[in-house]
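[1] just to be clear, the model below is a prediction. Sequence and coordinates:
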Amino acid sequence: MKALYICDEKEEWEHIRSIFNRFFPRIELICVLNGSDAIDYLSYEGPFFMILMEASLRSEHPSELTKKLLPLTGEKPYIFLGAKVHINDRIDEQLYIRSEMNEIILRPIDTNTLIQKVQKCVDWAKDEEFEKSIEELSKEELLPMKLRGFYLFNKLPYDVFIELTSTKYVKIISANKKYLHSEINAYAKKRIKHLYLRKNEYLQFLEDSIEALMIQYDSIKQSSNKVIANQIKSALVIQQYIRSVGVTENITKLVDRTILSSRNIMLEHKRFKSILKVFPSEKLDIAEQAILTMYLAESMLTVLSWASETSRKKLGLASLVYDSMLEDDELYKIHSLEDPNIEMFTEEQQQSYREHPTKAAEIAANFTGYPEADFIIAQHHEKPKGEGFPNGLTTNKLSAHSCIFILANNFVIRYADKQSTKGATLEIFRDMKAIYNQGNFKDPLIALQKSII
Ligand SMILES: [Fe+2]
């Protein structure tokens, strides 16, 4: 169990720490000097079951800081410590009385009072913990959902679990109770990739996600960053939905909207290189690569003056779907059948990699209003001289749209690996030119150059 103490007097850290060490040896007390350290710890090192806030804090106002921290801590007990005058003047009464779990401890601190009040918080946390009890569930009852999807909500009408073993799961989100995005961050940090939902609630989660994303699209009109963030979340939901459910009217609406909403961003930024500057490109996972590919393909269409509604739609759908049928999350990092890293995967996973362009194309063919997107997807791993897969097609057998898509996707994949290198864009373009400057790739290659440089 972790508790957080915010105080800018280091001698006080020692005093409180010694009491905790003696009476609560199983509690890890993290002491921080200021609000920004507190925010860092709450965001990435949580969960904390209790917050101790010093009322005499000099660098910032303790009430203002508490208000800032509440969205990160949720309904956790706060203990405000300080001399009577500081408590009266600097701790907003509303903050203290908002929860019966909150406490005030006056200085000079009476050790017994502190122990008693901390113990009350410990008991509360244990009750909460009880709700997160281990459940014996069979794997057949649950389905994995990518962790990132849970940032779309802060409350769900069903329970959510993490896997301990293949038969033991811990409930980490209780139905209809608020949860914190910082808790989801903490699982991501522990490299947990999936949370589990009961099978009959899985589809509901995806449908709820579609609804939440559509509402977001309606409410965000201006900011490029917010539109792009919503498109990335949409790509994630679209990929999971078509894998587990298939093509429905609802998912088609989300696909339409995700593609359509790139139009204003393109009008504002004109070229891909300008979009790249505002794109959240820290790690470029599979959903981020999809949206980045969509923008680059669209930018290339514009350069070539081919940006008709149909062209934009077919390349848009191709971008959202091309890698959606990969068996394993990590497989998207494999770029060809010759990649030595493919050996790290099971034979079954390697087989799914060989088949993913064809399988994704079959899914795409079920969308109405997206002609030829399936051909583009089927060909996304083909190469000019016929050394690609699955069909070993040569450049003259590939349509102009396929060539645009292959180049856009190829650039994005290479950029994901090299983005932190200085001059990466130019270097990638030179490498690609050596391979693709032939046949039907020639004009799209010029369009690529004008989009990125
Ligand atoms: Fe692929």
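    Structure's in. What do you need? Residues are numbered from 1 along each chain as shown.
[2] residue nearest the middle of this protein, spatially speaking?
    With distances taken as CA atoms, centre = their mean, the residue of the chain nearest its centroid is R148 (4.0 Å).
[3] find the residue closest to it in space, skipping its chain neighbours.
    Sequence neighbours aside, L236 is the residue nearest to R148 in space, at 5.7 Å (criterion: CB to CB, 6 or more residues apart in numbering). No exception for glycine: its C-beta is placed from N, CA and C like everyone else's.
[4] now the strands: where do they sit in the stretch 101-250 of the chain?
    103-106, 134-136, 142-146, 160-163, 168-173, 194-198 (DSSP state E, counting those that start in this stretch).
[5] so the residue nearest to the centre of the chain sits against V237, correct?
    No. With contact defined as CB atoms under 8 Å, R148 does not count as touching V237 (9.5 Å).
[6] now do K397 against E382, distance only.
    Going from K397 to E382 by CB to CB, to the nearest Å gives 8 Å.
[7] try D285
    24 Å.
[8] so between the two, which is more surrounded?
    The neighbour count for D285 versus E382, taken as other CB atoms under 10 Å, is higher for E382 (23 against 17).
[9] tell me the phi and psi of that one?
    phi -80, psi 160 (degrees, to the nearest 10).
[10] now for it: which residues touch it?
    Residues near E382 by CB atoms under 8 Å, 6 or more residues apart in numbering: G388, F389, N391, G392, L393, L398, S402, I406.
[11] specify which member of those residues is nearest to P71.
    Closest to P71 out of the contacts of E382 is I406 (43.7 Å), distances taken as CB to CB.
[12] in this structure the closest one contacts A400, no?
    No. The pair I406 / A400 is not scored as a contact, 10.8 Å apart, by CB under 8 Å.
[13] run me through the strand neighbours of the worst-scoring helix or strand of the chain on mean pLDDT, direction for each.
    Every helix and strand in the chain was compared by mean pLDDT, DSSP states H and E; the lowest is strand 134-136, with a mean of 77. Neighbouring strands of strand 134-136 in its sheet, by DSSP bridges, are strand 168-173 (antiparallel).
[14] list the contacts of the strand it pairs with.
    For strand 168-173, contacts defined as CB under 8 Å, 6+ apart pick out 131-137, 142, 150, 156, 159-164, 179, 183, 187, 195-196.
[15] let me see the domain layout of this protein.
    For the chain, the structural domains run 2-131, 134-197, 220-452, going by automatic domain parsing.
[16] who's more crowded, I406 and A400?
    Neighbour count, other CB under 10 Å: between I406 and A400, I406 has more, with 25 against 14.
[17] quick check: the closest residue in space to that one that isn't next to it in sequence vs A361, distance?
    Of all residues not flanking I406 in the chain, H380 sits nearest, at 6.1 Å (CB to CB, 6+ apart). Distance, H380 to A361, by CB to CB: 9 Å.
[18] again with K120
    Distance from K120 to A361, by CB to CB: 61 Å.
[19] for these two, indicate the residue with more neighbours.
    Legend: neighbour count by other CB under 10 Å for K120 and A361, higher for A361 (22 against 16).
[20] quick one: pLDDT of A188?
    The model reports A188 with a pLDDT of 87.
[21] with S133 instead?
    69.
[22] just P384 next, same as before
    P384 is given a pLDDT of 94.
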